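Participant: got a sequence here, can you build the structure:
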Amino acid sequence: MIDFKSKVEQAIQRSSSYIRHTPLEHSPYLSALSGANVYLKLDNIQKTGSFKFRGAISKITSLSIEEKNRGVVTASTGNHGAACSLAMSLLGVKGKIVVPENVHKNKVENILNLGGEVEYYGDDCIHAEEKAQEISRTTGATYISPYNDQEIVCGQGTMGWEIWKDQKDIDAVFVSVGGGGLISGVGGYLKSVDSDIKMYGVSPKNSCVMYESLKKGKQLELSSKPTLSDGTAGGVEIGSITFDMCNEIIDDFSTVSEDDIANGVKIGIEKHHQLIEGAAGTAIAGFINKKEMFDGKTVILIMCGGNISSAVLKSIL
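Facilitator: Take a look at the predicted model:
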């Protein structure tokens, strides 16, 4: 395991002038519901509407001048692609975002509007990712993984640094889990400053590859069903550094239904006036399902993003 305290604090030094220190907002509704003292970490209002910007800016600011001159490349149709686009634009680093040929035009427009250059390849995200890695090998551009990278993970950990700066009395933190970069970074840092803090991972039942992999004690390649938590959906790269990190950092891991996730999103909107995406609703849902455990405790729920389409929002509300 890496020295999370040192590495995250280095990431803060590199990126603090770019990222937003997002609010830690008390939740009267969830506190009354559970008897706990519940706070929401509002990274749904981070730049690009997602925590992913933290990792992207951390990674690109860690590169040498020579590496920056060679450029960067990644593959993503969602939050990671948008985050990398803005980070590249702010830092003046050239790069490409590889996307599948069938990607929705709105997602491409978002990447382009943030300053990214798009290359189309293949008919799914796996093909696009393979193409991005091929471009990296042939051109020398740095490939930016959404989670399988130490600087990305420690960039996500800057959220943990902010939480600790704002609230020292913490018993538990709920985080939605896809590739595991967010819970590894946040949990790694928080446990480095207070080993008694418990990390609760939550995934949708329809797509819970890390959950099933940790249960089996080895990485699995599994198919996923559609989920409202599209930000956590899909497989986990075999050999990813986050598998061992999650195995050590996560104290409890659960899954939630699509109805639970929809209810979580509605709570974010109706009780906190915050537009949150399905992955953030997943964290709320995981907490609600275990709320009886936390009477008198202080609990943080990570609102990891707010990028949700009007069509999905309409289906939930």
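Participant: ok, now which ones touch the residue nearest to Ser176 when sequence neighbours are not counted?
Facilitator: Nearest residue to Ser176, sequence neighbours excluded (C-beta to C-beta, 6 or more residues apart in numbering): Thr282, at 4.0 Å. C-betas here are computed from N, CA, C, even on glycine. By C-beta atoms under 8 Å, 6 or more residues apart in numbering, the contact set of Thr282 is 176, 202-204, 229, 232, 256, 260-261, 264.
Participant: just Leu222 next, same as before
Facilitator: Counting by C-beta under 8 Å, 6+ apart, the residues that Leu222 touches are 209, 212, 235.
Participant: model confidence at the nearest residue to the last one once chain neighbours are set aside, what's the number?
Facilitator: Using C-beta to C-beta, 6+ apart and skipping residues adjacent in sequence, the residue nearest Gly235 is Val209, 5.2 Å away. The predicted local distance difference test score for Val209 is 93.
Participant: Val209 contacts Thr227, doesn't it?
Facilitator: No. Here Val209 lies out of contact with Thr227, judged by C-beta atoms under 8 Å, at a distance of 11.7 Å.
Participant: name the residue most distant from the centre of the protein?
Facilitator: Centroid-distance maximum for the chain: Thr138 at 28.9 Å, with C-alpha atoms, centre = their mean.
Participant: low-scoring stretches of this protein, by residue?
Facilitator: 124 (pLDDT under 70).
Participant: list the buried ones in stretch 2-14?
Facilitator: 2, 4-5, 7-12, 14 (16 or more other C-beta atoms under 10 Å).
Participant: one more: stretch 278-298?
Facilitator: Buried residues in stretch 278-298, counting neighbours by 16+ other C-beta under 10 Å, are found at 278-288, 290-291, 293-294, 297-298.
Participant: any idea how far the residue nearest to Ser176 lies from Phe4?
Facilitator: Using C-beta to C-beta, to the nearest Å, Thr282 is found at 23 Å from Phe4.
Participant: give me the phi and psi for Ser17.
Facilitator: Backbone torsions for Ser17, taken as degrees, to the nearest 10, come to phi -80, psi -10.
Participant: let's verify the residue nearest the centre of the chain: helix, strand, or coil?
Facilitator: Nearest residue to the geometric centre of the chain (C-alpha atoms, centre = their mean): Leu182, 4.7 Å. Following DSSP: H, G, I helix; E, B strand; the rest coil, we place Leu182 in the helix state.
Participant: contacts only, for His127.
Facilitator: For His127, the contacting residues are 100, 121, by C-beta under 8 Å, 6+ apart.
Participant: can we see that at 10 Å?
Facilitator: 75, 98, 100-101, 121 (C-beta atoms under 10 Å, 6 or more residues apart in numbering).
Participant: which SSE is immediately downstream of whichever strand or helix holds it?
Facilitator: Remark: His127 resides in helix 125-139, with elements defined by DSSP states H and E. For helix 125-139, the succeeding helix or strand toward the C-terminus, using DSSP H and E, is strand 142-143.
Participant: check the offset of stretch 24-31 from the chain's centre.
Facilitator: Using C-alpha atoms, centre = their mean, to the nearest Å, the mean C-alpha position of stretch 24-31 is found 21 Å from that of the whole chain.
Participant: buried residues in that stretch, which are they?
Facilitator: Neighbour counts using 16+ other C-beta under 10 Å place 27, 30-31 of stretch 24-31 among the buried residues.
Participant: ends of that stretch, what's the gap?
Facilitator: Distance across stretch 24-31, first residue to last, is 14 Å (C-alpha to C-alpha, to the nearest Å).
Participant: what residues does that stretch touch?
Facilitator: Residues outside stretch 24-31 that contact it (C-beta under 10 Å, 6+ apart) are 33-34, 36-42, 162-163, 165-167, 267-268, 270-272, 274, 284, 287-288, 291, 294, 298-301, 303.
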